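*Asks:* Return a 3D structure for these sequence lines:
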Amino acid sequence: MDKVIDVAVIVGSLRKGSINRMVANALIKLVPKELKLAVVEIGDLPHYNMDLEATPPVAWTTFREAIKAAGAVLFVTPEFNRSVPGALKNALDVGSRPYGKSVWAGKPGAVISSSPGAIGGFGANHHLRQSLVFLDVPAMAQPEAYLGGADKLFDSAGKLANEDTKKFLAGYLQAFAAFAAANAK
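*Replies:* Down below sits the predicted model:
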């Protein structure tokens with residue numbers, strides 16, 4: 001049997017009823033046997049400030065260890081002003097420091113963006129990919145995942161109710177499993 005890849009799922013939205021949190025939860029239910037998904041929380045990370053590196057906050061250390069232990073990363077994010085939410089950008093910064101000790105380097109990654117809007121967070125998806133290039137996170141190019149009208153994909157309990165989206169996300173995860181295995185460190 002092939003090794004199961006532990007995937008750190010980073011949800012860019014901090015909102016309790018976040019569509020992107022619902023997408024992450026749906027992914028966890030659809031996960032193929034080759035992957036194990038676990039959300040790594042970013043909401044409690046203090047803003048990155050190099051002055052704190054002398055005695056890093058416990059939240060930074062815990063986050064860095066979780067990302068370091070993962071074999072791959074999956075970002076699920078909304079779009080804020082054609083970019084990623086500040087909390088997600090802060091998580092990227094915390095994980096990339098101190099200089100030369102980035103926990104992101106070499107980890108295969110993928111990006112799913114979702115939004116109530118028609119273009120499904122396209123701007124955030126591509127802006128995040130720019131950062132991933134610098135962070136040395138090889139990002140899966142195809143299939144791309146932009147979930148437009150995402151507020152209508154879930155039932156009142158927050159469960160994915162759209163069968164076409166379920167099928168798409170299951171296929172996306174299969175493609176990511178193959179990509180992560182082929183690009184594992």
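
*Asks:* Specify the beta-bridge partners of the residue lying closest to residue 71 once chain neighbours are set aside.
*Replies:* Setting aside the residues directly before and after it, residue 71 is nearest to residue 5 in space (CB to CB, 6 or more residues apart in numbering), at 4.2 Å. C-beta coordinates here come from the backbone N, C-alpha and C atoms, glycine included. The bridge-partner assignment for residue 5, based on DSSP bridges, gives residue 35.

*Asks:* And residue 5, what's its pLDDT?
*Replies:* With respect to pLDDT, residue 5 scores 97.

*Asks:* Residue 184 now?
*Replies:* 91.

*Asks:* again, but for residue 1
*Replies:* Model confidence at residue 1 (pLDDT) stands at 45.

*Asks:* got any ranges where the protein has weak pLDDT?
*Replies:* In the predicted model of the chain, residues 1 satisfy pLDDT under 70.

*Asks:* So which residues of the protein form strands?
*Replies:* Assigned by DSSP state E, the chain shows strands spanning 5-11, 35-39, 72-77, 109-114, 145-147.

*Asks:* could I get these as a markdown table with distance to residue 18?
*Replies:* Formatted as a markdown table, the strands of the chain follow (distance: least, CB to CB, whole Å):
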| stretch | distance to residue 18 |
| --- | --- |
| strand 5-11 | 7 |
| strand 35-39 | 11 |
| strand 72-77 | 9 |
| strand 109-114 | 9 |
| strand 145-147 | 13 |
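
*Asks:* Nearest to residue 19, out of those strands?
*Replies:* When the strands of the chain are compared by CB to CB, strand 109-114 sits nearest residue 19, at 5.5 Å.

*Asks:* Quick check: the residue nearest to residue 71 vs residue 69, distance?
*Replies:* According to CB to CB, to the nearest Å, residue 5 and residue 69 sit 12 Å apart.

*Asks:* So for these two, which sits in the more crowded spot?
*Replies:* Summary of the neighbour comparison: residue 5 and residue 69, criterion other CB atoms under 10 Å, with residue 5 having more neighbours (18 against 12).

*Asks:* Go ahead and confirm residue 151 touches residue 18.
*Replies:* No: look at residue 151 against residue 18 with CB atoms under 8 Å: they stay out of range, at 10.7 Å.
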